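sequence and predicted structure are below.
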Amino acid sequence: MINVALIDDHVVVRSGFAQLLSLEPDMQVVGQYASAASAWSSLLRMNIDVAVMDIDMPDESGLNLLARLRQKRPDFRAIILSIYDTSAFVQSALDAGARGYLTKRCGPEELVQALRAVHAGGTYLCADAMRALRHPPQRSDALHELTPREREVFDLLVAGVSVKAIAERLALSHKTVHVHRANVLGKLQCESTIELVHFALQHHLINKA
């Protein structure tokens, strides 16, 4: 029996996965968690074969959580399931110790396939993740991959506007702005807002008027 833990802050996503996996004779969901904090002690203590976790959570990135878990339990196995499919996010997940990477466009049968592969000691990358690793965008060209909204957020971030102020200016929720910011960081292969500013300076994107 494969013991699975689900870590995702969307209850509909968690319950949907749990219902799906309950139909598999060799799998059982032994824990469901909405945040890194609620998952931490249980993931260390319980007999979990594979965890499925999102990157975006309210208190801590799933990648940070996985890296911390693997410091305590080097054999901890996890599959990242995320909306992000850029090479930077996929590589960051692998660097954190993920054994699998799926985008949320993948079908339910692929999640089951990935769980069995990782439990057996292998790895599993969906087609989107494989494509991203094979054809990473050149950093100088990556700006063209930003959506119009992401470009707005990028321009405001490099201008020094806070996430809270961006949310108010664009009439968006804080969480939505954080998602856009994460997308921008991933596509431009930057680690922080400071790196975004350096990127903007290098490409003469900051309006000094």
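Cool, the structure landed.

what about residue 105, neighbour count?
By other CB atoms under 10 Å, the residues close to residue 105 number 11. The way it works is simple: take the backbone N, C-alpha and C, and place the C-beta from them, glycine included.

tell me the SS of the spatially most central residue of the chain?
Nearest to the mean C-alpha position of the chain, by CA atoms, centre = their mean, lies residue 55 at 2.8 Å. Following DSSP: H, G, I helix; E, B strand; the rest coil, we place residue 55 in the coil state.

OK, contacts around it?
61, 62, 63, 80, 82, 84, 89, 93, 182 (CB atoms under 8 Å, 6 or more residues apart in numbering).

test my guess that the third one contacts residue 92.
Yes: using CB atoms under 8 Å, residue 63 is in contact with residue 92, at 5.7 Å.

ok, the nearest residue to residue 33 once chain neighbours are set aside - contacts?
With sequence-adjacent residues excluded and distances taken as CB to CB, 6 or more residues apart in numbering, residue 33 is closest to residue 39, at 3.7 Å. With contacts defined as CB under 8 Å, 6+ apart, residue 39 is in contact with 5, 7, 31, 33, 53, 65.

got it, and residue 91?
Applying CB under 8 Å, 6+ apart to residue 91 gives the contacts residue 133.

begin at 18, not 1, for the rest of this chat.
I'll keep to 18 as the first residue from here, and by that count the last item is residue 108.

which helix or strand contains it?
helix 104-113 (DSSP states H and E).

now stretch 115-132: buried residues?
115-120, 123, 127-132 (16 or more other CB atoms under 10 Å).

low-confidence stretches in this protein?
152-158, 223-226 (pLDDT under 70).

tell me how it divides into domains.
Annotated domains of the chain cover 19-151, 159-219 [automatic domain parsing].

which phi and psi does residue 95 have?
phi -140, psi 150 (degrees, to the nearest 10).
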